[in-house]
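Asks: below is the sequence, then the predicted model.
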Amino acid sequence: MIYSFRNSGFRDPETGVYNRTYFMEVFNREWHRHIRDHQSLALLYLCPHIHETVKQPHLLELFMKQVQEAILRTTDLVARLNNNSFALGLFNIDAAGTQIVLHRIEQKIEIFNLEYAKKHTSHIDYELAGYTCTPARNLSIELIFKDVEDLTHELEMERNRHVELRQMQ
């Protein structure tokens, strides 16, 4: 396969979603725009559990394509943060709208797992954690990232929940 230089600066080559650097630049710009316009936004972390023992080329790419389809709006971003987690930036959205997006993502993952289970004996577990907030000058952008990461770890420790959305004050 010949490497494509198109979008190579801001796309993750394995999944096709945006990379961390591009996501952080856009999220920071949107954060400041939302301060100015008094709009709310949401930051979500998605942590799919795809084990190294699963030898499926493009599995992560196919999984993330389903997540991207669930978002629907082209103004929202999906990016790979590291090997185990993805960030979703939902802009100009409130808690109710974010809940709708979370529900659509859950449905898409459920359908993906049903199709995947037809050919394989496993499914993909995940955590999906997020916060909604209205950015303000006295609110640190780093705080929302820390809180979402902490919430993701909290969900990982609990076996009976895998999705949580909270409102940042």
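Replies: All right, it came through fine.

Asks: spatially nearest residue to N113 (excluding sequence neighbours)?
Replies: Spatially, and ignoring its direct neighbours in sequence, N113 is nearest to H123 (4.1 Å; CB to CB, 6 or more residues apart in numbering). Quick note: C-beta positions are derived from backbone N, CA and C, even for glycine.

Asks: quick one: that neighbour and I111 touch, right?
Replies: No: counting by CB atoms under 8 Å, H123 does not reach I111; the two are 11.5 Å apart.

Asks: show me the contact partners of the longest helix belonging to the chain.
Replies: Looking across the chain with DSSP state H, the single longest helix is helix 95-119. With CB atoms under 8 Å, 6 or more residues apart in numbering as the test, helix 95-119 has contacts from 40, 42, 44, 46, 62-63, 66-67, 69-72, 90, 93, 122-124, 126, 128, 130, 132, 163, 165, 167.

Asks: pLDDT weak spots in this structure?
Replies: For the chain, the stretches flagged by pLDDT under 70 are 1-8, 51-55, 57.

Asks: hey, where'd the helices end up in it?
Replies: 20-37, 59-71, 95-119, 141-157.

Asks: and of these, who's closest to S85?
Replies: Counting by CB to CB, S85 lies closest to helix 141-157 out of those; the figure is 7.1 Å.

Asks: the closest one vs helix 20-37, what angle?
Replies: Per axes from the mean of the first three to the mean of the last three CA atoms, to 10 degrees, the angle that helix 141-157 makes with helix 20-37 is 120 degrees.

Asks: check contacts around the residue nearest to N113.
Replies: 113, 116-117.

Asks: ok, back up a step: looking at the helices of the chain, which is buried most?
Replies: Greatest average neighbour count among the helices of the chain goes to helix 59-71 (a mean of 18), per mean count of other CB atoms under 10 Å.

Asks: what's across from L77 in the sheet?
Replies: Beta bridges link L77 to G89, judged by DSSP bridges.

Asks: thought it was touching V67?
Replies: No: with contacts counted by CB under 8 Å, L77 stays clear of V67, the gap being 11.7 Å.

Asks: need the residues touching each of these two.
Replies: Joint contacts of L77 and V67 (CB under 8 Å, 6+ apart) are L88.

Asks: if we can go back for a sec, output the helices of the chain as a markdown table; include the columns distance to S85.
Replies: Putting the helices of the chain into a markdown table (distance: least, CB to CB, whole Å) gives the following:
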| stretch | distance to S85 |
| --- | --- |
| helix 20-37 | 10 |
| helix 59-71 | 12 |
| helix 95-119 | 14 |
| helix 141-157 | 7 |
